[in-house]
Structures are given as structure tokens and as C-alpha cells.
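Participant: Give me a model of this one.
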Amino acid sequence: MRAVNAARGSGFSGNVTGDHDIDRCLEVQEAIWAETFKYMADNKVMFEGILLKPAMVTPGAECPNKATPTKVADYTLKMLRRRVPPAVPGIMFLSGGQSELESTLNLNAMNQSPNPWHVSFSYARALQNSVLKTWQGKPENYDAAQQALLKRAKANSDAQKGAYDPSNESKEAGKGMYEKGYVY
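Facilitator: Down below sits the predicted model:
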């Protein structure tokens, strides 16, 4: 795809990796999703029958200018409104190396205002990270790990309704999951 090739040649190495700012991420994601939906339309994909699983529009992990949840939500929703047909019923975001707290705060911010899609999550690491660290594969940690999972599930359930309250989060939830050089 032309947009993907243009992104590769521009120093943009994906949402998580790199030092690109949020504006560059928006530019590249808009190009990629425009081309993707054009090809889907050309091939008569029924948009009402798909769920989109994108990354949020964020600066790269090594960018010195971090973005607030409000800014991530504004940029991500701007990209979606510009490129994703409202017939698509749901947007299920990847956590993209964000911490559990970051991904939940960003999802919550996106759900503070109405939009034409069901905006939720398809998190793996951002839903399971603290659970796995709590469990550590030890049977004696099973109950504590189960409670950690329920806490993460509740936080993300609230965030997909725009009703998340981060005041009870642990320091562990705020730890990023980005690993330089990790192949996603």
C-alpha cells in the first residue's frame, strides 16, 4: 500500500516505537486508514460487519512531548471521524505499549463525548500486566491475581462508558509496558 510505504520511508516506525510526535502519528494513521477503507470499499466489504482494531493516535514512546489523555482522545477521534465510516459498529483499541493506567485514561477520555461507534478496548497486556505480575505462576497468588483481573476489567468497563475514576489505581498500573527493541 502506498500509505504504508510512505510511512516506512519517513522515520515513522509505528505508534509505540520512535520519537515521532502526535501530529506525525495522526498524519500517518490518516493516510493508512484512508487507503485501507478505499480498498475495502473497492472490494465491497460491508462496513456494518467489521470491527476495527487500531492503535490510538499517540506520540512515540521516545518522544519528549507526552500527550494528555484529552489530547490522545481528541487526535484519535479526529482521525477516526476523518477516515472511518460511521457504519463501522465498533472500534476496539489496542493498548500499544501504554501502561494500564494510560490506556484506560485515554479510552475514558474518548468516551466523554458521543461518537458514531462503540469505542472500547482489545487490550491484552494493558488488561493482563498487573494480573500476571500478581500471579507469578504461583497457586498461592491465584486469588489475588483474580482480584487484580476484576479490578482491571472494571476499570476498562467504566472507561468504555466514560465513567472511569483513576483514584484507586496502584502505582503498578501506571508503569509503562514499552520495551525498546521489542518486536510487536
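Participant: Pretty sure residue 63 sits in a strand.
Facilitator: No: when the secondary structure is assigned by DSSP: H, G, I helix; E, B strand; the rest coil, residue 63 falls in coil instead of a strand.
Participant: Please name the nearest non-neighbouring residue to it.
Facilitator: With sequence-adjacent residues excluded and distances taken as C-beta to C-beta, 6 or more residues apart in numbering, residue 63 is closest to residue 19, at 5.0 Å. C-beta: built from backbone N, CA, C; applies to glycine.
Participant: Give me the distance between that neighbour and residue 99.
Facilitator: Between residue 19 and residue 99 the distance, using C-beta to C-beta, to the nearest Å, works out to 19 Å.
Participant: Show me which of these two is the more surrounded one.
Facilitator: Between residue 19 and residue 99, counted using other C-beta atoms under 10 Å, residue 99 has the larger neighbour count: 21 against 14.
Participant: what about residue 92, is that helix, strand or coil?
Facilitator: When the structure is split into helix, strand and coil by three-state DSSP, residue 92 lands in strand.
Participant: Please verify my assumption that it contacts residue 127.
Facilitator: No: judged on C-beta atoms under 8 Å, residue 92 makes no contact with residue 127 at a distance of 12.0 Å.
Participant: any common contacting residues for these two?
Facilitator: Taking C-beta atoms under 8 Å, 6 or more residues apart in numbering as the contact rule, the neighbours common to residue 92 and residue 127 are residue 121.
Participant: And these two? Which one has more around it.
Facilitator: More neighbours surround residue 127 than the other of residue 92 and residue 127, with 19 against 16 (other C-beta under 10 Å).
Participant: For residue 52, see how far away the closest residue to the more buried one other than its chain neighbours is.
Facilitator: Using C-beta to C-beta, 6+ apart and skipping residues adjacent in sequence, the residue nearest residue 127 is residue 152, 5.2 Å away. Using C-beta to C-beta, one obtains 23 Å as the distance from residue 152 to residue 52.
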